[in-house]
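K.L.:
coords below, sequence missing:
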């Protein structure tokens, strides 16, 4: 069965692994260099201005590859894939633990609406609808019983599921987390004025011309929202109707962790800005399932984040 993407992402469309020089005026000492490729299943790019840009971009893309080997759902050897296959991962990487820690924070703040353990349910729906039918109620209930963030054991030495045949997806937060890690890598190297796109955006500083980085929000409907200007800030967008399980386009891919069933879309798209891309990513995912009051309550717990 072909893999169905759980989300559609903000993208800068590009062929994998290319470098381009983007000329711009005056104030920057060096032309902007942009790497364009694929990361975490999404079109990706890193734009910066530096005399050693090629060397820096090469290092950054190696780090992208390393992080993908932790968080990818579809690489058999990734940390996440091993956890899903074996139900346990010993000596998990720091990045995996840090990301799971943020998952727990957003899970609690959202009263469980952000729940990465819905992956087994998602697989059930995807497989059933690929065969032209909805899953049986009994199958939904049995699979639903194997979900819940409280069924995940996490400590610095081990991550494990409390029940067999559970599965986790980090597609609602990992793109943002990876962008943050690349930003940290480049910041530690002394870089400023970098735009990172891993399906979600992280701006390290502003544009080399001295202005903010302009980022357009793609709703997936052919209607482009106004540009969001980023400086030392991140942007993430979730599209509740970005993917459907059924060919008729009636059954959306966002699952409600309270019921185990696809949730009707409350919004066409959800965009959140925050200081960190992982936070913006996780919040935008959770808000897909919330009404306005619930979304306001969630964002009230994270004063640095806001919807745009």
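P.N.:
In hand now; what should we look at? Please read all numbers here as calculations on a predicted model, not as lab measurements. Numbering: from 1, shown residues only.
K.L.:
residue ranges for the helices of the stretch 51-200 of the chain, please.
P.N.:
Per DSSP state H, counting those that start in this stretch, the stretch 51-200 of the chain carries helices over the ranges 53-71, 79-86, 94-109, 119-130, 137-144, 174-188.
K.L.:
what's the closest of those to residue 258?
P.N.:
Nearest to residue 258, of all the helices of the stretch 51-200 of the chain, is helix 137-144, at 9.8 Å by CB to CB. (Each C-beta comes from the backbone N, C-alpha and C, glycine too.)
K.L.:
Ok, which of the helices of the stretch 51-200 of the chain comes nearest residue 218?
P.N.:
helix 174-188 (14.4 Å).
K.L.:
Can you tell me which of the helices of the stretch 51-200 of the chain is packed in deepest?
P.N.:
helix 174-188 (a mean of 24; mean count of other CB atoms under 10 Å).
K.L.:
What is that one packed up against?
P.N.:
strand 42-48, helix 53-71, helix 94-109, strand 194-197, strand 201-204, strand 234-238, helix 277-287 (3 or more CB pairs under 8 Å, 6 or more residues apart in numbering; DSSP states H and E).
K.L.:
Just send those back as TSV, with distance to residue 157 and mean pLDDT too.
P.N.:
Shown next, in TSV, are the helices and strands packed on helix 174-188 (distance: least, CB to CB, whole Å; pLDDT from 0 to 100):
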stretch	distance to residue 157	mean pLDDT
strand 42-48	32	94
helix 53-71	16	96
helix 94-109	10	98
strand 194-197	31	98
strand 201-204	30	97
strand 234-238	31	95
helix 277-287	23	98
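K.L.:
after the strand or helix carrying residue 298, next one along is what?
P.N.:
Residue 298 belongs to helix 292-300 when assigned by DSSP states H and E. Going down the chain from helix 292-300, the next helix or strand is strand 306-307, by DSSP H and E.
K.L.:
ok, residues contacting that next one?
P.N.:
270-274, 287, 295, 299 (CB atoms under 8 Å, 6 or more residues apart in numbering).
K.L.:
Would you list the strands that that strand pairs with, along with their directions?
P.N.:
Sheet pairing of strand 306-307 (DSSP bridges) gives strand 270-274 (antiparallel).
K.L.:
Next, the angle helix 277-287 makes with the strand it pairs with.
P.N.:
With axes from the mean of the first three to the mean of the last three CA atoms, to 10 degrees applied, the angle from strand 270-274 to helix 277-287 works out at 150 degrees.
K.L.:
Go through strand 270-274 and flag the buried ones.
P.N.:
270-274 (16 or more other CB atoms under 10 Å).
K.L.:
sorry, back to before: closest one of the contacts of strand 306-307 to residue 62?
P.N.:
Taking CB to CB as the measure, residue 62 lies nearest residue 274 of the contacts of strand 306-307, at 26.7 Å.
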